[in-house]
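Colleague: Below: sequence and its predicted model.
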Amino acid sequence: MEKQIISTTKAPGAVGPYSQAVKVGNLIFTSGQIPLDPTTGELVGGDVKKATERALENVKAILEEAGTSLDKVVKTTVFVKNMGDFAAVNEIYAKYFEKDMPARSCVQVVLPKDAFVEIEVIALAE
């Protein structure tokens with residue numbers, strides 16, 4: 001089975017030795033996406049809801065580049081700076097995953113650039 005590197009300018013470029021996503025067989029594995037604006041490279045901060053939306057938009061752009069969509073996500077991992085933000089993150093998350101919810105883990109961690117949230121997914125290729 002061959003792996004294919006996925007890259008798009010519609011999401012922030014990798015800031016280290018990793019790819020935005022990798023496709024292997026019929027699975028897409030994204031790297032964690034923090035709320036970086038892909039145009040400016042600046043962190044979207046100040047509001048955890050806006051940060052969550054930006055992180056999910058980055059994930060969405062990567063999946064679209066890979067030829068799939070959020071509807072095909074089977075597993076997410078959500079990393080939060082503060083578990084006290086869990087309800088706010090959930091509110092935005094639920095707008096992106098309205099039906100057939102993927103499996104999910106959520107943990108509190110220290111994030112790059114002191115971001116509020118980071119999200120990675122595993123999705124089926126279409």
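Modeller: Nice, thanks for sending it over.
Colleague: Show me what Phe79 is bridged to.
Modeller: Beta bridges link Phe79 to Val107, Glu118, judged by DSSP bridges.
Colleague: how close does it get to Ala21?
Modeller: 17 Å (Cβ to Cβ, to the nearest Å). (C-beta placed from N, C-alpha, C; glycine too.)
Colleague: try Met1
Modeller: Noted for Met1: a distance of 16 Å to Ala21, by Cβ to Cβ.
Colleague: Comparing the two, which shows the higher neighbour count?
Modeller: Neighbours were counted for Met1 and for Ala21 using other Cβ atoms under 10 Å; Ala21 has more, 27 against 6.
Colleague: Please look at that one and Thr30 and confirm they touch.
Modeller: Yes. Using Cβ atoms under 8 Å, Ala21 is in contact with Thr30, at 4.4 Å.
Colleague: Name the residues contacting each of these two.
Modeller: Residues touching both Ala21 and Thr30 by Cβ atoms under 8 Å, 6 or more residues apart in numbering: 62-63.
Colleague: The chain: helices as residue ranges?
Modeller: Taking DSSP state H, the helices of the chain run over residues 48-65, 86-96.
Colleague: right, so the ones you listed: which one is the most enclosed?
Modeller: Highest mean neighbour count of the helices of the chain: helix 48-65, a mean of 22 (counted as mean count of other Cβ atoms under 10 Å).
Colleague: That helix - contacts with which helices or strands?
Modeller: Using 3 or more Cβ pairs under 8 Å, 6 or more residues apart in numbering; DSSP states H and E, the elements in contact with helix 48-65 are strand 21-24, strand 27-30, helix 86-96, strand 117-124.
Colleague: Give me the mean pLDDT for it.
Modeller: Across helix 48-65, pLDDT averages out at 98.
Colleague: what does it contact?
Modeller: Residues from elsewhere that reach helix 48-65, judged by Cβ under 8 Å, 6+ apart: 6-8, 10-12, 20-21, 28, 30, 33-38, 44-45, 69-70, 72-73, 85, 88-89, 91-93, 96, 115-121, 123.
Colleague: ok, 7 Å please
Modeller: 6, 8, 10-12, 20-21, 28, 30, 33-35, 37-38, 44-45, 69-70, 85, 88-89, 91-93, 96, 115-119, 121, 123 (Cβ atoms under 7 Å, 6 or more residues apart in numbering).
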